[in-house]
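Q: Sequence first, then the predicted structure:
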Amino acid sequence: MDLLFFFEWLDNSMLASLSKAWGGVFAVVQTIHLASLALLGGMVIVLSLRLLNILMRDIPADVVVASTRPWINRALIAITLSGIYQASAVAIKLYYNSFFWSKMIAFFMGIAFLYGVMYPLLSRGTAQLPPWTVRLMACASLVIWFSVAATGRWIGFS
């Protein structure tokens with residue numbers, strides 16, 4: 001399915017007009033996007049390193065899972081909303097950018113992994129899971145979210 005029609009619509013939307021006309025608003029939204037990315041990255045790193053038993057060994061892993069989850073949720077919402085706003089300003093350019101599509105694939109893989117695999121398994125409690133499963137999940141999470149960050153960073157260079 002070709003999504004060019006959606007990107008053309010987004011490029012001509014009122015949101016795109018606002019994002020192109022008001023550079024100050026765009027800069028604030030970009031700051032929110034980057035701060036949310038930092039929050040997400042920080043929470044993923046803390047959670048993953050705890051699951052790998054590298055960080056915060058004195059705190060039960062289930063407590064770290066429960067503590068990071070609301071922040072991850074908030075960061076993902078802010079990233080998505082601010083990302084749509086930013087994309088509206090350059091929608092057609094993004095449509096033809098392979099790094100953008102790589103980022104979107106990695107982003108949706110990260111969300112699917114987090115809510116479809118990681119959280120359901122961790123809801124059983126880490127003590128109920130084989131240690132290799134917990135470690136593998138932590139490593140996979142780090143790789144997926146690093147891929148999102150790396151491909152996102154390369155959008156600006158292409």
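A: Done, it's in. Keep in mind it's a predicted model, so treat the numbers as computed, not measured.

Q: burial measure for the nearest residue to residue 59 once chain neighbours are set aside, as a count.
A: Leaving aside its chain neighbours, residue 59 sits nearest to residue 50 (7.2 Å; criterion: CB to CB, 6 or more residues apart in numbering). (C-beta placed from N, C-alpha, C; glycine too.) Neighbour count for residue 50, taken as other CB atoms under 10 Å: 24.

Q: other SSEs contacting the helix or strand hosting residue 50?
A: Following DSSP states H and E, one finds residue 50 within helix 23-51. Here helix 23-51 touches helix 14-21, helix 61-89, helix 131-155, going by 3 or more CB pairs under 8 Å, 6 or more residues apart in numbering; DSSP states H and E.

Q: what residue ranges in the chain score low on pLDDT?
A: For the chain, the stretches with pLDDT under 70 are 1.

Q: quick one: residue 130 from residue 118, how far?
A: Residue 130 sits 15 Å away from residue 118, going by CB to CB, to the nearest Å.

Q: more neighbours, the two?
A: Higher neighbour count among residue 130 and residue 118: residue 118, with 22 against 8, using other CB under 10 Å.

Q: Report the contact partners of the closest residue to that one other than its chain neighbours.
A: Excluding the flanking residues, the one nearest residue 118 by CB to CB, 6+ apart is residue 137, at 5.3 Å. Counting by CB atoms under 8 Å, 6 or more residues apart in numbering, residue 137 touches 51, 117-118, 121-122.

Q: and what of residue 148?
A: Residue 148 touches 103, 106-107, 110, counting by CB under 8 Å, 6+ apart.

Q: Next: residue 64.
A: Going by CB under 8 Å, 6+ apart, residue 64 touches 46-47, 50-51, 56.

Q: Could you count how many residues lie near the nearest residue to residue 20 once chain neighbours are set aside?
A: Residue nearest to residue 20 in three dimensions, not counting chain neighbours: residue 89, with 5.3 Å by CB to CB, 6+ apart. Residues near residue 89, counting by other CB under 10 Å, number 21.

Q: Same check on residue 72?
A: Counted with other CB under 10 Å, residues neighbouring residue 72 total 20.

Q: mind checking how far residue 30 is from residue 19?
A: Distance, residue 30 to residue 19, by CB to CB: 10 Å.

Q: and those two? which has more neighbours close in?
A: Neighbour tally, residue 30 and residue 19, criterion other CB under 10 Å: the higher count belongs to residue 19, 22 against 16.
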